[in-house]
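Peer 1: fold the following, please.
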Amino acid sequence: MSEKIRNHWLILIVLALAQFMVVLDVSVVNVALPAIQRAFHMTESNLQWVVTAYTLAFGGFLLLGGRAADLYGRRKLFMIGTAVFGLASLLDGMSQSGTMLMALRAAQGLAAALMSPAALSIVLVTYREGHERNTALAVWGAVASGGAAAGMLLGGVITQYLGWRWIFFINVPVAVLVSVAAWRLVPAHDSEETHNELDLPGAISITSALMLLVYGLVEAPSHGWTAHSTLAYFTMSVALFVYFVMNEQRAKHPLVPFRIFRIRNVTAADLIQMPIIAGMYSTFFFTSLYTQTILGYSPVRTGLSFLVIPVMIAIAATNVPRLVKRVGFKPILMAAPLITAGSLFWLSHVRVQGTYLHDLLPGFIFMGLGMGATFVAITIAATSGVEGRESGLASGLLNTAQQIGGALGLAVLTGVATSAATRYVKHLKTAPNKLTPLAAQVHGFHIAFYVATGFLIAASFLATVLLKQKKVSAKDVQEAMTAGAA
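Peer 2: Numbering: from 1, shown residues only. Next up, the predicted model:
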């Protein structure tokens, strides 16, 4: 094996390891949530910020990170992001309060937004277009999806045997290894642009607008939807969003060139993605709490119980591309969200004295099938027909919609669950007993899953109304799946 080929594969291993770490940190925390909740005496509505702070910062700064890598150098941004990620992980593990943990999770998300697009850019320029690049992106995509699946199991093992702080500490040596390897292996990259203008006002304004919106949604159930504080959060969020739109229209080098939204299916796919992810995130958040606090599962057993989902995703994802070539992506995006909605409706009937086989497994099976079919079809819808020079922007927007949809959905659903649990206790017609707190919590899960079911039905409706059906060629599927893996 020549030195160049060997280095190419070593570079891919380093970049894939970094992406594995980024994706892992979204799911690994879910299994540790009950332990974190006990450690800091957090309410369920505040607990969701441990997940939301990361995904919101990640999604809000993802496009900025990609642009910064082009302007200031891919290797430089990748190494800065990796170093900040490792430092934030170390401090996460040393957190002394829930507030400190949430703030540091946001710092982790910002670092991930610098790492991930820079790493992908390095992959795209390192490997020649064609078989070599497709192989590299296939490895990249497999590692990314594997990170999400492994996160649940690894989080359970670490939480049970080492303690929840080690789910963050474990990132530190990996970040050091990746940084050193990147410095030695990845060629330096100078900007190919004629300017170095970064749309920082655009990135800060849209991320701040989303954070204020999410915070308002979280606080509204306890303070009231018409309370002055709630209305203030929503008003500031709208003002910042309006500023973002105005800034993008007049900026010489905008963060999001609005011309891409003239492509109907790009806009439609981004809009459809948000309610889909908003509903799906509830599965991992609420069922992680249900398995441990209600069923009494250990963290390891909880992680194992989720493994059926990635298996079903793999089965669906490997077969859907052939179906897309026959019927197109629109029929699939009309039907697949309804399969996921059915799984959420099943989970909305979990019992206080339930079992895995009856209450969770059927829902998990159909959840995986619906997710696998949806992700493939929506990636094809969002990227096929887009010019090559804008394919990165199209896939970046879809990923941003995914992170933002998850953050907003989790904020809404935890607020709904908390309010429903409080009302359950308030309107009890019998004397409270030792099962009352558990029954109230499960009732909150029921209502949250009902709302999540509505999100997926809405996604199916949006697909029916907004998507423009087009004939999809084998080349379209291949190019879209390459962008999707990215």
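Peer 1: can you list the domain ranges for the protein.
Peer 2: 1-188, 199-252, 261-486 (automatic domain parsing).
Peer 1: tell me how many other residues crowd residue 13.
Peer 2: Number of residues near residue 13 (other CB atoms under 10 Å) recorded here: 15. Where you see a C-beta, it was placed from the backbone N, CA and C, and this is true even at glycine.
Peer 1: helix or strand for it, which one?
Peer 2: Taking DSSP states H and E as the definition, residue 13 sits inside helix 3-40.
Peer 1: got JSON lines for the domains of the chain, with mean pLDDT too?
Peer 2: Shown next, in JSON lines, are the domains of the chain (pLDDT from 0 to 100):
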{"stretch": "domain 1-188", "mean pLDDT": "82"}
{"stretch": "domain 199-252", "mean pLDDT": "85"}
{"stretch": "domain 261-486", "mean pLDDT": "84"}
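Peer 1: returning to that earlier point: next SSE downstream of the helix holding residue 13?
Peer 2: Using DSSP H and E, the helix or strand that follows helix 3-40 in sequence is helix 44-47.
Peer 1: and stretch 198-207, how far out from the chain's middle?
Peer 2: Between the centre of stretch 198-207 and the centre of its chain there are 20 Å (CA atoms, centre = their mean, to the nearest Å).
Peer 1: can you check stretch 269-277 too?
Peer 2: 12 Å.
Peer 1: give me the contacts around it.
Peer 2: Here stretch 269-277 makes contact (CB atoms under 8 Å, 6 or more residues apart in numbering) with 333, 337, 340, 374, 378, 381-382, 397-398, 401-406, 408-409, 455-456, 458-459, 462-463, 466-467.
Peer 1: the residue sitting nearest the centre point of the chain sits in which helix or strand?
Peer 2: Nearest to the centroid of the C-alpha atoms of the chain, with distances taken as CA atoms, centre = their mean, sits residue 403, at 4.3 Å. In this structure, residue 403 sits in helix 391-426 according to DSSP H and E.
Peer 1: which helices and strands does that helix pack with?
Peer 2: helix 44-47, helix 49-72, helix 200-223, helix 264-289, helix 361-383, helix 436-466, helix 474-485 (3 or more CB pairs under 8 Å, 6 or more residues apart in numbering; DSSP states H and E).
Peer 1: so which of the ones you listed is nearest residue 17?
Peer 2: With CB to CB as the criterion, residue 17 lies closest to helix 474-485 of the helices and strands packed on helix 391-426, at 16.3 Å.
Peer 1: hang on, the earlier thing: got CSV for the helices and strands packed on helix 391-426, with distance to residue 296 too?
Peer 2: Putting the helices and strands packed on helix 391-426 into CSV (distance: least, CB to CB, whole Å) gives the following:
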stretch, distance to residue 296
helix 44-47, 18
helix 49-72, 22
helix 200-223, 28
helix 264-289, 12
helix 361-383, 17
helix 436-466, 10
helix 474-485, 38
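Peer 1: between those helices, which one is nearest to residue 180?
Peer 2: The minimum distance between residue 180 and the helices and strands packed on helix 391-426 falls on helix 49-72, with 19.7 Å, by CB to CB.
Peer 1: dump the residue contacts of residue 94.
Peer 2: residue 165.
Peer 1: let's see that with 10 Å instead.
Peer 2: Residue 94 is in contact with 100-101, 104, 165, 168-169, counting by CB atoms under 10 Å, 6 or more residues apart in numbering.
Peer 1: which one among those residues gets closest to residue 310?
Peer 2: residue 168 (23.0 Å).
Peer 1: what's the spacing between the residue nearest to the centre of the chain and residue 370?
Peer 2: 20 Å (CB to CB, to the nearest Å).
Peer 1: how about residue 105?
Peer 2: Applying CB to CB, the value for residue 105 to residue 370 is 28 Å.
Peer 1: thinking again about what came up before, what angle separates the helix holding residue 403 from helix 49-72?
Peer 2: Relative orientation of helix 391-426 versus helix 49-72 (axes from the mean of the first three to the mean of the last three CA atoms, to 10 degrees): 170 degrees.
Peer 1: give the buried residues for helix 391-426.
Peer 2: Buried residues in helix 391-426, counting neighbours by 16 or more other CB atoms under 10 Å, are found at 391-421, 424.
Peer 1: ok, now stretch 150-170?
Peer 2: 150-160, 164-165, 167-170.
Peer 1: please state the offset of that stretch from the chain centre?
Peer 2: Using CA atoms, centre = their mean, the offset of stretch 150-170 from its chain centre is 19 Å.
Peer 1: and it, C-alpha only, in CSV?
Peer 2: Taking Å, rounded to 0.1, in the frame of the first residue of the first chain, the C-alpha atoms of stretch 150-170 are listed here in CSV:
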residue,chain,number,x,y,z
ALA,A,150,-24.2,3.0,19.8
GLY,A,151,-24.9,6.1,22.0
MET,A,152,-27.8,4.5,23.8
LEU,A,153,-25.9,1.3,24.6
LEU,A,154,-22.6,3.0,25.4
GLY,A,155,-24.3,5.6,27.5
GLY,A,156,-26.0,2.8,29.5
VAL,A,157,-22.7,0.9,30.1
ILE,A,158,-20.8,4.0,31.2
THR,A,159,-23.6,5.4,33.4
GLN,A,160,-24.1,2.1,35.2
TYR,A,161,-20.4,1.1,35.8
LEU,A,162,-18.5,4.4,35.8
GLY,A,163,-21.1,7.1,36.5
TRP,A,164,-22.8,9.7,34.3
ARG,A,165,-19.8,12.1,34.4
TRP,A,166,-17.8,9.7,32.4
ILE,A,167,-20.0,10.0,29.4
PHE,A,168,-18.3,13.4,29.0
PHE,A,169,-14.9,12.5,30.3
ILE,A,170,-14.5,9.8,27.7
